[in-house]
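Trainee: Next input, structure requested:
(one chain, ligands or ions: 2)
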Amino acid sequence: DTVISRIAAGEVVERPASAVKELVENAIDAGATRIDVEVADGGKSLIRVSDDGCGIPSEDLPLALARHATSKIDGSDLLAIRSFGFRGEALAALGAVGRLTLTSRVMRCDAGATIASAGGTLGAVRPAARGCGTTVELRDLFYATPARLKFLRTDRAEMQAVSDIVRRLAMAEPGIAFTLSQVTDGEARVSFRADAETGDLWGALRGRLGRIMGSDFTENALAIDAEREGLHLGGFAALPTFSRGAATHQYLFVNGRPVRDKLLTGALRAAYSDVLSRDRHPVAALFLSCDPELVDVNVHPAKAEVRFRDPGTARGLVVSGLRHALAEAGH
Ligand code: ADP
Ligand code: MG
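Mentor: Ligands and ions are numbered 1, 2, ... in the order given. Predicted coordinates for the structure are as follows:
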């Protein structure tokens with residue numbers, strides 16, 4: 001029963017947005033303070049993610065592209081995963097479905113290095129100039145698998161999905177500066193920018209959420225801070241008067257990871273059931289955190305679902321935490 005066999009690997013790369021998610025999560029894990037994402041043709045022809053994180057030593061570059069090579073777990077720790085990465089397969093998978101170039105430089109080294117992978121075949125490590133940090137460039141996603149390419153949507157729809165995941169990841173990391181740029185004919189145009197927020201956790205989170213969800217949201221939101229049996233719920237939830245006609249402005253995170261989870265969205269809806277009519281949807285950005293042993297993030301690597309050890313407690317915390325805040329505000 002190896003670590004590998006205990007992990008249901010799943011499909012890592014379904015579309016450009018899933019590649020962007022893996023690359024940005026790697027940059028976050030690397031301790032980056034700024035992450036720049038560039039995309040051309042909805043990510044189909046180019047995805048480039050650059051960070052100023054810890055970098056990868058040149059001798060480790062081939063290893064980083066090898067399947068099941070991760071620097072993030074030691075096997076005994078599989079159920080207590082704290083960082084995003086734990087499968088050690090994202091870069092390998094990306095190198096197999098596109099033309100990937102990994103360029104990196106670590107702080108203590110005065111030179112950087114680069115390695116390319118196309119269709120899963122690794123090239124040689126060569127010297128390359130860059131500042132400290134890592135750039136992963138992925139060109140021609142699915143070029144070798146036209147069948148997969150056909151399942152992609154329009155450039156516009158894929159770009160929308162990329163934009164959505166970059167925003168979600170940025171919400172949970174207010175201390176990191178993000179940009180998302182669209183490259184057309186070699187010209188990059190910034191389509192999303194969030195500067196690093198400073199100050200205490202709440203102030204930084206409020207600033208970042210205001211930047212992404214609009215300051216009218218943060219100005220009309222209740223601060224949520226509740227706890228139950230080892231689970232903590234934090235974030236902001238809008239007053240009922242700020243509800244929407246669709247459930248699209250609900251952002252949920254578990255241990256810093258953006259998730260789409262029926263249990264949690266159901267709990268959010270239930271919390272507002274007495275104060276909202278059925279065709280209205282609450283707006284919220286909620287961060288659930290707990291000991292990693294209390295939640296299984298391995299259920300679906302690419303699908304962002306989670307499984308709580310005790311779903312009743314998670315649901316109860318969301319419902320009671322929100323109802324308490326609504327009641328205090330007179331609702
Ligand atoms: P995982 O994130 O699951 O460990 P990946 O295939 O995504 O696996 O990455 C493989 C390894 O490459 C990581 O464990 C890490 O050591 C290194 N790596 C990948 N991206 C970066 C980055 N942006 N900065 C520093 N190291 C990185
Ligand atoms: Mg990773």
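Trainee: which residue packs closest to the residue most central in space within the chain, ignoring adjacent ones?
Mentor: Nearest to the mean C-alpha position of the chain, by Cα atoms, centre = their mean, lies residue 169 at 3.9 Å. In space, and not counting its chain neighbours, residue 169 is closest to residue 24: 5.1 Å by Cβ to Cβ, 6 or more residues apart in numbering. Where C-beta positions appear, they are placed from N, C-alpha and C, glycine not excepted.
Trainee: Stretch 38-50 and ligand 2 in contact?
Mentor: No - figure legend: stretch 38-50 not in contact with ligand 2 (Cβ under 5 Å from the ion); closest approach 11.3 Å.
Trainee: which SS class is the residue nearest to the centre of the chain?
Mentor: Assigned by DSSP: H, G, I helix; E, B strand; the rest coil, the conformation of residue 169 is helix.
Trainee: Setting aside sequence neighbours, what's the nearest residue to residue 30?
Mentor: Residue nearest to residue 30 in three dimensions, not counting chain neighbours: residue 53, with 2.8 Å by Cβ to Cβ, 6+ apart.
Trainee: my bad, residue 190
Mentor: Leaving aside its sequence neighbours, residue 190 sits nearest to residue 181 (Cβ to Cβ, 6+ apart; 4.9 Å).
Trainee: residue ranges with poor pLDDT in the chain?
Mentor: 1-12, 68-69, 72-87, 297-304 (pLDDT under 70).
Trainee: All the helices of it, residue numbers only.
Mentor: Applying DSSP state H to the chain gives helices spanning 3-6, 16-29, 61-64, 90-97, 146-150, 155-171, 201-213, 215-219, 262-271, 311-328.
Trainee: List the buried residues in stretch 136-156.
Mentor: Judged by neighbour count (16 or more other Cβ atoms under 10 Å), stretch 136-156 contains these buried residues: 136, 137, 138, 139, 140, 141, 142, 143, 148, 152, 155.
Trainee: so how far does that stretch reach from one end to the other?
Mentor: 22 Å (Cα to Cα, to the nearest Å).
Trainee: Equivalent analysis for stretch 52-63, please.
Mentor: The straight-line separation of the ends of stretch 52-63 (Cα to Cα) is 20 Å.
Trainee: does ligand 1 sit close to it?
Mentor: Yes - contact between stretch 52-63 and ligand 1 is present through 53, 54, 55, 56 (criterion: Cβ under 6 Å from any ligand atom).
Trainee: Check those against residue 200 and report the nearest one.
Mentor: Among the residues of stretch 52-63 next to ligand 1, residue 53 lies closest to residue 200 (Cβ to Cβ), at 23.6 Å.
Trainee: And for that closest one, the neighbour number?
Mentor: 23 (other Cβ atoms under 10 Å).
Trainee: Please name the residues that touch the residue nearest to residue 30.
Mentor: Each residue near residue 53 by Cβ atoms under 8 Å, 6 or more residues apart in numbering is listed here: 27, 29, 30, 31, 32, 133, 134.
Trainee: can you list those in a markdown table and add neighbour count and distance to ligand 1?
Mentor: Output for these, formatted as a markdown table (neighbours: other Cβ atoms under 10 Å; distance: Cβ to the nearest ligand atom, whole Å):
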| residue | neighbour count | distance to ligand 1 |
| --- | --- | --- |
| 27 | 28 | 4 |
| 29 | 19 | 6 |
| 30 | 20 | 3 |
| 31 | 13 | 8 |
| 32 | 23 | 7 |
| 133 | 25 | 7 |
| 134 | 26 | 4 |
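Trainee: ok, those vs residue 310, which is closest?
Mentor: Nearest to residue 310 among the contacts of residue 53: residue 29, at 27.5 Å, using Cβ to Cβ.
Trainee: if I look at the closest one, how far off is residue 218?
Mentor: Distance of residue 29 to residue 218, computed by Cβ to Cβ, to the nearest Å: 28 Å.
Trainee: re earlier: partners of the residue nearest to residue 190 in the sheet?
Mentor: Beta-bridge partners of residue 181, counted by DSSP bridges, are residue 38, residue 190.
Trainee: That one contacts residue 36, correct?
Mentor: Yes - when contacts are counted by Cβ atoms under 8 Å, residue 181 is listed as touching residue 36 (7.1 Å).
Trainee: My guess is residue 127 contacts residue 110. True?
Mentor: No - if you go by Cβ under 8 Å, residue 127 and residue 110 don't touch, sitting 10.8 Å apart.
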